[in-house]
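>>> Quick check, what structure comes out for this input:
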Amino acid sequence: MTEAAPSLIIHSPAGIVPVAAPVRKAAKRLKALGFAPEVDASALTRHQRFAGDDATRLNALHRVAEAAPDVALATRGGYGLTRLLDHLDWPLLARSVERGTAWVGYSDVTALQLAALAHGAAGPAQPGEGVSAGFWAGPMACDDFGRADSPEGGDDVTQECFVEAVTGKLEAVGFRTEQGFDGVEVSGRLWGGNLAVLQALLGTP
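Sure, this is the predicted structure:
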C-alpha cells in the first residue's frame, strides 16, 4: 500500500500575485516533488497591491486553517499581513498546527509567524523528532518553486531541504562559519525572520 502524498495548499496572505503562471508552475513542481497541491480559491485575487481585500485574505487564512493541510504555503510576501493580525482566529490556527499543518513562508509572512508565537498558536517550543507542524520560515511558491528562469522552478537544494523539513526527515542544516569555529549545540525555538517586519511589531500584541 502506497503512502498518501502530503496535502499542500498554496494561498496568498499578503501581496498581489501579478501573473498566474508562477503559481501554476509551482503547483506542477510541488506535485513532482511528491505533494498533493491545491491552489486556494482566492490566491490570485487582486485588490490594490494586495491579494484581495483584508476580508478576502482573512477568509483565505481561516479556510486554509479549517482544511489543515500538511503544508500551507504562501505564494509570496510583500505587505498586508499586519493588517489582519488583530482579526485572525488564533485558536483556529493553533488547531491546524495541532492537526499537523506547517505554515511556511518568509518576508511579510514573518508577521504571521511572530503573532502566532505571541498568541500561543505556534505549537510546542520543543517539537519531538520528526514533527514538522508549526510556523516555519521557509520557501514560497512563486519565487522558490515557480520561477520562469529555472526548469525546476527554483533552486533544487532549497526544494530538497523543504521536502525533508516538512516531511519530518531533515536531520541537519548547515551554515558557513569562520575558519576554526567548531560549532555550537543548541536546543529551542529559533525566531526572527524579516527584520523590518520584526521592528514594526515591537510594542504590539
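>>> Every contact and neighbour count from this point should use C-alpha atoms.
OK.
>>> Could you look up the SS state of the residue most central in space within the chain?
Residue closest to the average C-alpha location in the chain (CA atoms, centre = their mean): V104, at 1.3 Å. Recorded secondary structure, V104: strand (DSSP: H, G, I helix; E, B strand; the rest coil).
>>> Which strand residues bridge it?
L73, W136 (DSSP bridges).
>>> Could you pull up the contacting residues of it?
For V104, the contacting residues are 71-74, 135-140, by CA atoms under 8 Å, 6 or more residues apart in numbering.
>>> Please pick out the residue of this structure most distant from its centre.
Outermost residue of the chain (CA atoms, centre = their mean): G180, 34.6 Å.
>>> Tell me how many other residues surround A4.
By the criterion of other CA atoms under 10 Å, A4 has 9 neighbours.
>>> go on, E3?
E3 has 5 neighbours, counted by other CA under 10 Å.
>>> hmm, back to that, ok, of the contacts of V104, which come out buried?
Buried members of those, scored by 16 or more other CA atoms under 10 Å, are 71-74, 135-140.
>>> Please enumerate the strands of the chain.
Taking DSSP state E as the test, the strands found in the chain are 7-11, 36-39, 71-74, 102-105, 134-137.
>>> now the biggest helix by length in the chain: how far from the chain's centre is it?
The helix that spans the most residues within the chain, counting by DSSP state H, is helix 54-67. Computed by CA atoms, centre = their mean, to the nearest Å, the chain-centroid distance of helix 54-67 equals 14 Å.
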